[in-house]
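A.B. asks: sequence plus predicted model, see below.
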Amino acid sequence: MSYISSSGGGGGGGSTGELILNVTLITFADNQYVVGLTDSFIGVNSSGGAIVIQLPDAPVEGRTFIIKDDSGNAATNNITITTVSGIDTIDGLTSFTMNTAFQSTQIIYAGSGAYYIY
């Protein structure tokens, strides 16, 4: 388990905030990866072949996942994002394909079986 940490000043109130993301790194050996509820940032190395990332069905509303082609191979070996059941949608579709080198996407669950890319 790794973390990304970011701290910042609170502009006048003296408070500080910290954002900690659970980092998961996957490779082609995991060619189909089911995202865990504790995953936040998913770095994908598709240099060995295409990979399918399966988002959980109906997580808590507002749950956000960041998926990044960290090897720059998505143009050749696509990263396909879907859900475990294939019933929940991503921007109205059953899957989303990352096909640009070093592409990243942020996905939020909005409830009622709908994920949105932002």
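C.D. replies: Yep, that arrived.
A.B. asks: longest strand of this protein?
C.D. replies: strand 16-27 (DSSP state E).
A.B. asks: quick one: contacts of the helix or strand just after it?
C.D. replies: Of the helices and strands lying after strand 16-27 in sequence (DSSP states H and E), the nearest is strand 32-34. Strand 32-34 is contacted by residues 26, 42, 51-54, 56, 84 when judged by C-beta atoms under 8 Å, 6 or more residues apart in numbering. For glycine as for every other residue, the C-beta is placed from the backbone atoms N, C-alpha and C.
A.B. asks: now flag whichever of those is closest to residue 109.
C.D. replies: Residue 109 lies nearest to residue 56 out of those, by C-beta to C-beta, at 8.3 Å.
A.B. asks: how about the contacts made by residue 100?
C.D. replies: Residue 100 neighbours (C-beta under 8 Å, 6+ apart): 69, 74-75.
A.B. asks: please check these and keep the buried ones.
C.D. replies: When the contacts of residue 100 are checked for burial by 16 or more other C-beta atoms under 10 Å, the buried set is 69, 74.
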